[in-house]
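[1] Here is the input, now give the coordinates:
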Amino acid sequence: MKTMSIVAAFATVCVPTFASAEISGSIELGYSVASDNVNADNVTSPSIDTTLGYGNLTGIQLELDVSTMRANGLNTNRNSHSAAVDLGYAFDNGVTAGVFVEDINVARSPTTFIAYSTAGAFVGYESDTYDVEAYFGQIDGLANQDGNHFGVRGAYSLSENTKISAEFARMNLALFDQKYLGLAVSHNLTDTFGVFGAYQKYDWATFLDVEAVSLGVSYAFANGSLASLEVARVEEGPRETQVLSLGYSIPLGETDKSTARVTGFASSVADGRRGGAGKIANDYWPINR
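    Now for the predicted structure:
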């Protein structure tokens, strides 16, 4: 509640300065099909993720990210809903700092329900070629699953056409801990075609580890929208899951048309939520049965 009060106070300050504001964001539509070698079932998952960003000449930055996903299969159905708010300040020397709030709900029929709320702070640095950020947050979960999570993430542009992103995070809860490692790379072959790939690992303290490798291609349309096709392989002990994902990203406002986000595993590393809680809701639970 204290963090939400801070967000509300900063938002009140932002409202009068919309005349000098820059609005950016994207609407991402996704559809994936997952199948594995254990269950005789295909899980289809339509999703939508909307991001809106606000910045003004004073350095105040505000971002809202809302997503929803429904996974449908013969053996199970699940819904995932999440919302996140970032409020920060960009200093003239490249340093950024602020607070974040995130709420995640995953319902898995017939009985399992997962819910996390997290609030925390971040500090980072941005330049023309790289950016880095460290964050820490408190987690409030169901069934006494309270704890904290912290991590470091960043990106480096090797050239105008090649970018590397990485994140390491740790989530500490009452019953188990989780470590997360994500690596992603993207490269523009031409002005319209691009390729990307990612590696992610979830290291559970009491469950089987999960590893995901993905490769994809993207195509930029003349209107600035971006389409993508991605294939992923997810290993969880003896279970191997194949995932095929389609994505379509529509840039909003002043968003750089060449860097509009794409749905899929690779975008989770490059542009995803902070830490383990968000990664579980957006990537792992949709394909885990």
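
[2] Can you pull out the low-pLDDT segments for the stretch 1-150 of the chain?
    1-20, 40, 74-76, 108-113, 142-144 (pLDDT under 70).

[3] Can you give me the buried ones in the strand or helix carrying Thr50?
    Counting by DSSP states H and E, the element that carries Thr50 is strand 42-55. Within strand 42-55, the residues scored as buried using 16 or more other C-beta atoms under 10 Å are Val43, Ser45, Ser47, Asp49, Thr50, Thr51, Leu52, Gly53, Tyr54, Gly55. Heads up, the C-betas are built off the backbone N, CA and C, glycines and all.

[4] For these, work out which two are farthest apart.
    Distance extremes for the buried residues of strand 42-55: the farthest pair is Val43 and Gly55 at 38.1 Å, using C-beta to C-beta.

[5] which residues in this structure form strands?
    22-36, 42-55, 60-72, 77-90, 95-108, 112-126, 130-141, 147-157, 162-173, 177-188, 193-204, 210-220, 226-236, 239-253 (DSSP state E).

[6] Give me the helices and strands touching the fifth one, please.
    What that stands for is strand 95-108. helix 2-14, strand 77-90, strand 112-126, strand 130-141, helix 275-279 (3 or more C-beta pairs under 8 Å, 6 or more residues apart in numbering; DSSP states H and E).

[7] and if we set it to 6 Å?
    Applying 3 or more C-beta pairs under 6 Å, 6 or more residues apart in numbering; DSSP states H and E, one finds that strand 95-108 makes contact with helix 2-14, strand 77-90, strand 112-126.

[8] and the angle from that strand to strand 77-90?
    170 degrees (axes from the mean of the first three to the mean of the last three C-alpha atoms, to 10 degrees).

[9] Phe265 is nearest to which of the strands of the chain?
    Using C-beta to C-beta, the nearest of the strands of the chain to Phe265 is strand 210-220, at 4.0 Å.

[10] what angle sits between the closest one and strand 239-253?
    In terms of direction (the same axes, to 10 degrees), strand 210-220 departs from strand 239-253 by 40 degrees.

[11] in the sheet, who's paired with Phe136?
    Taking DSSP bridges, one obtains Ala121, Phe150 as the residues bridged to Phe136.

[12] neighbours around it, how many?
    Using other C-beta atoms under 10 Å, Phe136 is surrounded by 14 other residues.

[13] Check the one 5 residues further on too.
    Around Gly141 sit 18 other residues, with neighbours defined as other C-beta under 10 Å.

[14] That one is in contact with Thr118, isn't it?
    No: at 8.9 Å, Gly141 does not count as touching Thr118 under the criterion of C-beta atoms under 6 Å.

[15] for Thr58, phi and psi?
    phi -80, psi -10 (degrees, to the nearest 10).
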